[in-house]
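A.B. asks: One predicted model, sequence on top.
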Amino acid sequence: GGGGGEDGRHMSLTSSTFTLVATMVGGGTLSLPFAVGCMGWLAGPITLCIMCVLVTYCLGLLVQSSQAAGMGDKGSFEDVVGCALGSRARVLTAIIIILLTGFAAVAYLLLLAQLLAPLLSLITCHDLGRSWNPEIIAAISVINLPVCSRKSLSSMKFNSYMSVCSTTVLLFVLTVRSGQCLTGRLHGEEFYWCRFPRYDETRAAAMPKSLFDALLAVPVMAGAFVCHFNVLPMHAELKRPTYDRVMRVINQTFTLVAMGYMSIGIVGFLPLGREVCDNILLNYSANDMLINVGRVALSCTLTLSYPNLILPCRTTLVRLINTTWAPPEGIQQLLTTEAAPLLSPGPRSLEPDVPRVGDRLRADYLDMEDFRTRFAVTLALVAGAGSIASLTSKVSTIWSMLGCTIVSLVAFILPCALYIRICRPKGRARLGPTAIIWVSSLMSVACLVAAFMDFSRTNPSLSPNTLPCETRPYGADFTPACLFPSKQHVLSP
């Protein structure tokens, strides 16, 4: 950090708020209209508000736990876990980071394929439907492989700006199209999706149709508020980091994010009702140039953010492997190495420090200084993420499974457990965290069952001219136009 203070603290309240906002918004915003559609136009925003309040409360418990443990400037999520639950509990945190970043990379690949297919259909004049997802995912993986194989990323501030800007663009284009649809100003076959209000059921869709729909929506909403690995590093760089100032940053962040999430969810849901896709842009045609602006902006952001998920995943996995197949002193490396935040906006290496014995490096099982080893590990992770993404058709399934397992653990269960273990509250102060642990655990089990049921459901056969999540007859004869009028559009068999 720059010279903003005597102890190296340089982040103001405004910059800290922007940093946390940038780490939260991303690909998950595309599924928020789907979550609102599952919950209903009334229950959806209310659930988002409740989720926002609960996550903010749990972050406050995490900050109190860090300060009570005397972490000071060096505290991280892993450090607090180690202090409360024992040093070897840091291994659990390492596994959490691997799963969280790994499956988020899978979701980003699938979203990129869904965003790029309509754009490529326009450019190539071929109807690229869901059957082309594996090829597109493979191409994205190959293009990103050299960047993912780097030893570290020196700075991520540009990606943070891109995330905020692309989310703003998404909100703008959805608001424009929603307003035009609801006021009856859209005409033409490219706006075949604009049919609101269609049925009494859609107009009355204020509450979830079933418990199953609600259980699918809750994890998606919870996952949109995760920034726990970055709160304590932000606390370490904030000027005058009192508890009140840290909570002011958190409250400002979640107020802004919740307002943005509710806006995107509502404007995306209103013109489509229950038929909204788990990726909102799948509901719009490839001919819609305003929506294509949003597709391009989000594609750029997800492409730049993908390496930021692979590198922390690789770093943590390598550190875990090296300490498992290393001499006993290697265990101390995992227990004492400070983990980099997943999406830190400042320059910070994402590779683990290698302990020295005298002037000689300790022999690690996987030496990340060697390019061939680093490339092989990166290739394995990228290929694994691409393979899983190619086998998945619904990004909401990935968000749901992450939300009811890893996100539930990180956002609700662990902060409350750490607070109880470190601060040892009594009476009413203990009641809230205990209740959150029990409710979160029960909800996680129920949501996980719903996610597996959703994953195992057979997708209905689709017309080759419809977009992936459309099963209704509307637009069955719709053919995307070519970007180049001189060419003739070709339908895939």
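C.D. replies: Good, I have the coordinates. All values reported here derive from a predicted model rather than from experimental measurement.
A.B. asks: Now do the contacts for Ser163.
C.D. replies: Each residue near Ser163 by C-beta atoms under 8 Å, 6 or more residues apart in numbering is listed here: Ala22, Val25, Gly26, Thr301, Ser305. Bear in mind the C-beta positions are built from the backbone N, C-alpha and C, glycine included.
A.B. asks: Pull the contacting residues for the third one.
C.D. replies: Residues in contact with Gly26 (C-beta under 8 Å, 6+ apart) are Ser163, Thr167, Thr301, Leu302, Ser305.
A.B. asks: Ignoring the adjacent residues along the chain, who's closest to the second one?
C.D. replies: Of all residues not flanking Thr167 in the chain, Val25 sits nearest, at 4.4 Å (C-beta to C-beta, 6 or more residues apart in numbering).
A.B. asks: That neighbour contacts Gly260, doesn't it?
C.D. replies: Yes - Val25 lies in contact with Gly260 (C-beta atoms under 8 Å); the separation is 7.2 Å.
A.B. asks: higher neighbour count, these two?
C.D. replies: Legend: neighbour count by other C-beta atoms under 10 Å for Val25 and Gly260, higher for Val25 (24 against 21).
A.B. asks: List the contacts of that one.
C.D. replies: Val25 neighbours (C-beta under 8 Å, 6+ apart): Ser163, Val164, Thr167, Val257, Gly260.
A.B. asks: and the third one, how many neighbours does it have?
C.D. replies: Spelled out, that is Thr167. For Thr167, using other C-beta under 10 Å, the count is 26.
A.B. asks: which secondary structure element contains it?
C.D. replies: Thr167 belongs to helix 157-182 when assigned by DSSP states H and E.
A.B. asks: Would you mark the buried spots in that helix?
C.D. replies: Buried positions in helix 157-182, judged by neighbour count with 16 or more other C-beta atoms under 10 Å: 159-160, 162-164, 166-167, 169-171, 173-174, 177-178, 180-181.
A.B. asks: got it, and stretch 379-392?
C.D. replies: For stretch 379-392, the neighbour count (16+ other C-beta under 10 Å) marks Leu381, Val382, Ala385, Gly386, Ser387, Ile388, Ala389, Ser390, Thr392 as buried.
A.B. asks: got it, and stretch 256-264?
C.D. replies: In terms of neighbour count (16+ other C-beta under 10 Å), stretch 256-264 has its buried residues at Leu256, Val257, Ala258, Gly260, Tyr261, Met262, Ile264.
A.B. asks: Could you report the separation of Phe254 from Phe225?
C.D. replies: Phe254 is 7 Å from Phe225, where distance means C-beta to C-beta, to the nearest Å.
A.B. asks: what do the two both touch?
C.D. replies: Taking C-beta under 8 Å, 6+ apart as the criterion, Phe254 and Phe225 both touch Cys52, Val55.
A.B. asks: Count the neighbours of Gly184 for me.
C.D. replies: Residue crowding around Gly184 was assessed by other C-beta under 10 Å; the count is 8.
A.B. asks: quick revisit: would you mind measuring from the residue nearest to Thr167 to Ala451?
C.D. replies: From Val25 to Ala451 the distance is 23 Å (C-beta to C-beta).
A.B. asks: so what pLDDT did Val55 get?
C.D. replies: Listed pLDDT for Val55 reads 93.
A.B. asks: For it, pull up the helix or strand it's in.
C.D. replies: helix 43-68.
A.B. asks: and the next element down the chain from that helix?
C.D. replies: helix 77-85.
A.B. asks: And that following helix, what does it pack against?
C.D. replies: The helices and strands touching helix 77-85, judged by 3 or more C-beta pairs under 8 Å, 6 or more residues apart in numbering; DSSP states H and E, are helix 43-68, helix 90-124, helix 228-237, helix 414-423.
A.B. asks: Could you give the number of residues near the residue nearest to Gly223 when sequence neighbours are not counted?
C.D. replies: Excluding the flanking residues, the one nearest Gly223 by C-beta to C-beta, 6+ apart is Gly403, at 4.2 Å. Here the number of neighbours of Gly403 (other C-beta under 10 Å) works out to 29.
A.B. asks: Gly403 against Leu448, yeah?
C.D. replies: No - with contact defined as C-beta under 8 Å, Gly403 does not count as touching Leu448 (9.4 Å).
A.B. asks: returning to what we had before: put together CSV for the helices and strands packed on helix 77-85, with mean neighbour count on each row.
C.D. replies: Below are the helices and strands packed on helix 77-85 laid out as CSV (neighbours: other C-beta atoms under 10 Å):
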stretch, mean neighbour count
helix 43-68, 20
helix 90-124, 22
helix 228-237, 23
helix 414-423, 22
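A.B. asks: closest one to Phe77 among those?
C.D. replies: Phe77 lies closest, by C-beta to C-beta, to one member of the helices and strands packed on helix 77-85: helix 228-237, at 5.2 Å.
A.B. asks: Output the contacting helices and strands for the helix or strand following that closest one.
C.D. replies: The helix or strand immediately downstream of helix 228-237 is helix 243-269, counting by DSSP H and E. Applying 3+ C-beta pairs under 8 Å, 6+ apart, one finds that helix 243-269 contacts helix 13-24, helix 32-39, helix 43-68, helix 157-182, helix 228-237.
A.B. asks: redo that, cut-off 10 Å
C.D. replies: Judged by 3 or more C-beta pairs under 10 Å, 6 or more residues apart in numbering; DSSP states H and E, the packing partners of helix 243-269 are helix 13-24, helix 32-39, helix 43-68, helix 157-182, helix 211-223, helix 228-237.
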